[in-house]
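[1] can you look at this prediction? I've put the sequence above it.
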Amino acid sequence: MPSQSTAAELRVLFAEIATVGGLGLLLYLLDVQELAQITWIIGAFQILGRYLLLKNIREEVKQTRAYVEERLDTIDRMTQFVDLSRSTDSAQLRQLQSLYYEIVEPDFARVKEQILTDAQNDLERLARLKRSNTLVTGEYYRWLLPMLRDQPSGGEIWAVSMMLECEWDDTPEEREFLDLNVAAVQRGVTLARTFVVPQAEIETVRALHPVAQQIAAGPRADIRYVTRERLRAVDPQLLSDLGDGLIAFDRRVVLVDEHSQDGTARGYVTMNRGEIATYRRRFDNLRTYTTRYEVLPPPSS
């Protein structure tokens, strides 16, 4: 069955054929045979030209439709990976584009171009380098806490804590961070965490509530320590490479800590396979120098 548009085109062509044929026949009957022949010839060329033009238009429309559908499909696939606050979809991307074009004031031109450039750089970093820019404290926890909450049973969390001032304090974010670590162990996630501590604070650290909670969380909690002094003596390069610490989820993604001078938590996320392999190798090397923290015995009566 032809489409409605094709049927309409055929009706137009048939009407033109009838018109040209009828006009030529009328001229022929009026004994103007030469003019009738010219009418038929010109009419035939016009009808053929129109048919070819309509055919080309149909083909171009078909190709354009296929191109647009492919681009829309690409956008839909992109929105599965490009995450702006975990709720971005095609409509939001179109809204951003619309807002960009609404800004027509010349004095804002450089500002909006810089915003666009920054966003492009951030997205290119995600798409090509597979790593984020540095997340400040709020962004840091908005990424980290749901990752802990969603880590499935049978998975692994591996981490290095350098015992910096912003770690394991009594802020709401750190309290929730501790609770989610313990909950992950209790639902079947392996938690392998190494604390890098000063020699004089080995037992002090073990007695800290957040550390003691993890040690006692269950058999899947493998909590270890190594002293800074020992690590500095046996592998100073590794101590330097550890930086401010990290937390990783399986071999899938790593959050690399980059704590600021004001003591706030921050860091960047990487899914770059090469980087993850490097961090895992450092983590495994670190574990060769560690001692396992055991659960503190109950106080004697």
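    Okay, I see it.
[2] CA only for contacts and neighbour counts going forward, please
    Noted.
[3] do a quick rundown of the helices in the stretch 101-250 of the chain.
    If you assign secondary structure with DSSP state H, counting those that start in this stretch, the helices in the stretch 101-250 of the chain sit at 109-124, 137-150, 172-186, 202-207, 209-215, 228-234, 236-241.
[4] residue contacts, Ile202?
    By CA atoms under 8 Å, 6 or more residues apart in numbering, the residues touching Ile202 are Tyr225, Thr227.
[5] switch the helices of the stretch 101-250 of the chain over to JSON lines; also include mean pLDDT and distance to Leu96.
    Listed next are the helices of the stretch 101-250 of the chain as JSON lines, based on pLDDT from 0 to 100; distance: least, CA to CA, whole Å:
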{"stretch": "helix 109-124", "mean pLDDT": "82", "distance to Leu96": "10"}
{"stretch": "helix 137-150", "mean pLDDT": "92", "distance to Leu96": "21"}
{"stretch": "helix 172-186", "mean pLDDT": "95", "distance to Leu96": "31"}
{"stretch": "helix 202-207", "mean pLDDT": "92", "distance to Leu96": "48"}
{"stretch": "helix 209-215", "mean pLDDT": "94", "distance to Leu96": "43"}
{"stretch": "helix 228-234", "mean pLDDT": "96", "distance to Leu96": "49"}
{"stretch": "helix 236-241", "mean pLDDT": "96", "distance to Leu96": "40"}
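[6] out of those, which comes closest to Thr278?
    helix 236-241 (10.1 Å; CA to CA).
[7] quickly find the element holding the nearest residue to Asn133 once chain neighbours are set aside.
    Spatial nearest neighbour of Asn133, excluding adjacent residues (CA to CA, 6 or more residues apart in numbering): Tyr268 at 5.8 Å. Secondary structure assignment for Tyr268, by DSSP states H and E: strand 267-270.
[8] related to what we said a few turns ago, how many residues are close by the residue nearest to Asn133?
    The tally of other residues near Tyr268 (other CA atoms under 10 Å) stands at 18.
[9] wait, it touches Thr137, no?
    No: using CA atoms under 8 Å, Tyr268 makes no contact with Thr137, being 10.9 Å away.
[10] you'd agree Gln186 is up against Gly218?
    Yes: taking CA under 8 Å as the definition, Gln186 is a contact partner of Gly218 at 6.5 Å.
[11] dump the residue contacts of the residue lying closest to Leu231 once chain neighbours are set aside.
    Among residues not flanking Leu231 along the chain, Leu239 sits closest, at 6.3 Å (CA to CA, 6+ apart). When contacts are counted by CA under 8 Å, 6+ apart, Leu239 touches Arg228, Leu231, Arg232.
[12] the second one: what's it in contact with?
    By CA under 8 Å, 6+ apart, the residues touching Leu231 are Leu238, Leu239, Tyr289.
[13] could you give the number of residues near the first one?
    If I follow you right, that is Leu238. Leu238 has 15 nearby residues by other CA under 10 Å.
[14] output stretch 172-188 as CSV - backbone C-alpha positions only.
    Written as CSV, here are the backbone C-alpha positions of stretch 172-188 (Å, rounded to 0.1, in the frame of the first residue of the first chain):
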residue,chain,number,x,y,z
PRO,A,172,27.1,14.4,59.8
GLU,A,173,28.8,13.3,56.5
GLU,A,174,31.5,11.3,58.2
ARG,A,175,29.0,9.7,60.6
GLU,A,176,26.9,8.6,57.6
PHE,A,177,30.1,7.5,55.8
LEU,A,178,31.0,5.2,58.8
ASP,A,179,27.4,3.8,59.0
LEU,A,180,27.4,3.0,55.3
ASN,A,181,30.8,1.2,55.5
VAL,A,182,29.5,-0.9,58.4
ALA,A,183,26.2,-1.6,56.6
ALA,A,184,28.1,-2.7,53.5
VAL,A,185,30.1,-5.3,55.4
GLN,A,186,26.9,-6.6,57.1
ARG,A,187,25.2,-7.1,53.7
GLY,A,188,28.1,-9.1,52.3
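[15] let the chain start at 245 from now.
    OK, 245 is where the count begins now, so the last one is stretch 416-432.
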